[in-house]
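*Asks:* Below is the sequence, then the predicted model.
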Amino acid sequence: MTAPFALALHGGAGTISPALMTPEKEHAYHQALQAALAAGYGVLRQGGAALDAVEQAVRSLEDCPLFNAGRGAVFTHDGHHEMDAAIMDGRNRAAGAVAGARTVQNPIRAARLVMEKTEHVLLAWPGADELARLHGLPTQPQEYFFTQQRYDQLQEALQEGRMRLDHSEAQSADTAATPTHEDPKKKMGTVGAVALDQHGNLAAATSTGGMTNKQFSRIGDSPIIGSGTFADNRTCAISCTGHGEFFLRAVVAHDISCLMEYRGLSLAEACRVVVHDKLAPIGGEGGLVAVDAAGNVALPFNSEGMYRAWQTSADHTPSVAIYKG
């Protein structure tokens, strides 16, 4: 009998209004999520490693301009792209991450380079890009990462005079207390994937372009091991998406693992406690995808929606969803 295996991924969480989502755009998002799921799950089905599966899934999302990672990364205040990524191996808690990468086509590949080819865990620009170049990873000019909708977002954010989470509503200081609606093109955020392979190993990977109009080389939770990304064969693998500052303060990914290890909570209950009981009360909007050592999958979020997909060996049926329910 084949050992259980599973993959779950996300493309960002936030205020996602069905009323403002056109059928064409929703179809495009579903297709992109399904393609990433197929890329990662195909590795697992063939007996491949969880580490390879999450990398393949995230690379697929990085290559899709719909998502705020890789090719579709948002613009900084200075008009360029600063991309963050992390990957972690649950077998031995080896990890690699990059922050502020500017030219690497797939930041998640650079993160894996850090893990496998250096003695470090986190490298920042320009060193992250230099390591990628030295090892022959594909790099791209700024034009490759440009998308018109991201550029338009920057212009709006500059006019508002504030940073903007790519998956959050646009709010001015005068309307911050009043919920508003926003074009669905502004709903994409961090991407990530988690997997359990047939050998019982867990892995997690996360990649993001950060926040529109970010300044001073701001870094969120995505490349920080234990906050936005974590994997340990004894417990679970986690990839987060949301307002990074809150996920950093709450050390979300590691907290879930600790609740499982020290309190004996199930994956679903540990995720619920952190996302709904700890994050939500302090204003931490977002969610995560998770898988445990038994192949159970959890995809909790406290926002209106989260772009997500998952598939397990229990029935091999691929699932894609955006909204609650």
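*Replies:* Perfect, I can see it now.

*Asks:* So which residues of the stretch 1-150 of the chain form helices?
*Replies:* Here the stretch 1-150 of the chain has its helices, by DSSP state H, counting those that start in this stretch, at 23-45, 50-62, 107-117, 127-134, 142-145, 148-160.

*Asks:* Could you single out the most deeply buried of those?
*Replies:* Mean neighbours per residue, mean count of other C-beta atoms under 10 Å, is largest over those for helix 50-62, with a mean of 28. Bear in mind the C-beta positions are built from the backbone N, C-alpha and C, glycine included.

*Asks:* Next, the angle helix 107-117 makes with that one.
*Replies:* Relative orientation of helix 50-62 versus helix 107-117 (axes from the mean of the first three to the mean of the last three C-alpha atoms, to 10 degrees): 150 degrees.

*Asks:* rank the helices of the stretch 1-150 of the chain by mean pLDDT and give me the bottom one.
*Replies:* Mean pLDDT per stretch puts helix 148-160 lowest among the helices of the stretch 1-150 of the chain, at a mean of 89.

*Asks:* Would you mind identifying the next helix or strand past that one?
*Replies:* strand 191-196 (DSSP states H and E).

*Asks:* how far out from the middle of the chain is that following strand?
*Replies:* Centre-to-centre, strand 191-196 and its host chain are 8 Å apart (C-alpha atoms, centre = their mean, to the nearest Å).

*Asks:* Could you name the helices and strands sitting against it?
*Replies:* strand 6-14, helix 23-45, helix 50-62, strand 202-208, strand 236-242, strand 286-292 (3 or more C-beta pairs under 8 Å, 6 or more residues apart in numbering; DSSP states H and E).

*Asks:* Now do the longest one: distance to the chain's middle.
*Replies:* Just to be clear, that refers to helix 23-45. Worked out by C-alpha atoms, centre = their mean, helix 23-45 lies 15 Å from the chain centre.

*Asks:* Who are the packing partners of that helix?
*Replies:* By 3+ C-beta pairs under 8 Å, 6+ apart, helix 23-45 packs against strand 6-14, helix 50-62, strand 191-196, strand 305-312, strand 319-323.

*Asks:* I'd like these written out as a markdown table, with distance to Val273 added.
*Replies:* Below are the helices and strands packed on helix 23-45 laid out as a markdown table (distance: least, C-beta to C-beta, whole Å):
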| stretch | distance to Val273 |
| --- | --- |
| strand 6-14 | 18 |
| helix 50-62 | 24 |
| strand 191-196 | 18 |
| strand 305-312 | 18 |
| strand 319-323 | 22 |
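
*Asks:* circling back to that earlier point, select, out of the helices and strands packed on strand 191-196, the one closest to Ile322.
*Replies:* Among the helices and strands packed on strand 191-196, the nearest to Ile322 by C-beta to C-beta is helix 23-45 (6.7 Å).

*Asks:* so how far does stretch 114-128 reach from one end to the other?
*Replies:* Using C-alpha to C-alpha, to the nearest Å, the end-to-end distance of stretch 114-128 comes to 8 Å.

*Asks:* can you tell which of the helices and strands packed on helix 23-45 is closest to Phe230?
*Replies:* Of all the helices and strands packed on helix 23-45, strand 191-196 sits nearest to Phe230, with 9.4 Å by C-beta to C-beta.

*Asks:* Output that closest one as PDB, nothing but the C-alphas.
*Replies:* Coordinates of each C-alpha in strand 191-196 appear next as PDB, following Å, rounded to 0.1, in the frame of the first residue of the first chain:
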ATOM      1  CA  VAL A 191       2.300  32.400  -2.900                       C
ATOM      2  CA  GLY A 192       3.300  29.200  -1.200                       C
ATOM      3  CA  ALA A 193       3.100  25.400  -1.100                       C
ATOM      4  CA  VAL A 194       3.400  22.600   1.500                       C
ATOM      5  CA  ALA A 195       3.800  18.900   0.800                       C
ATOM      6  CA  LEU A 196       4.100  15.400   2.300                       C
END
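
*Asks:* Could you shift the numbering so residue one becomes 767, and keep it that way?
*Replies:* Sure, I'll start counting at 767 from here, so that last one is strand 957-962.

*Asks:* ok so, going back, out of the helices and strands packed on strand 957-962, nearest to Asp987?
*Replies:* strand 1002-1008 (6.1 Å).
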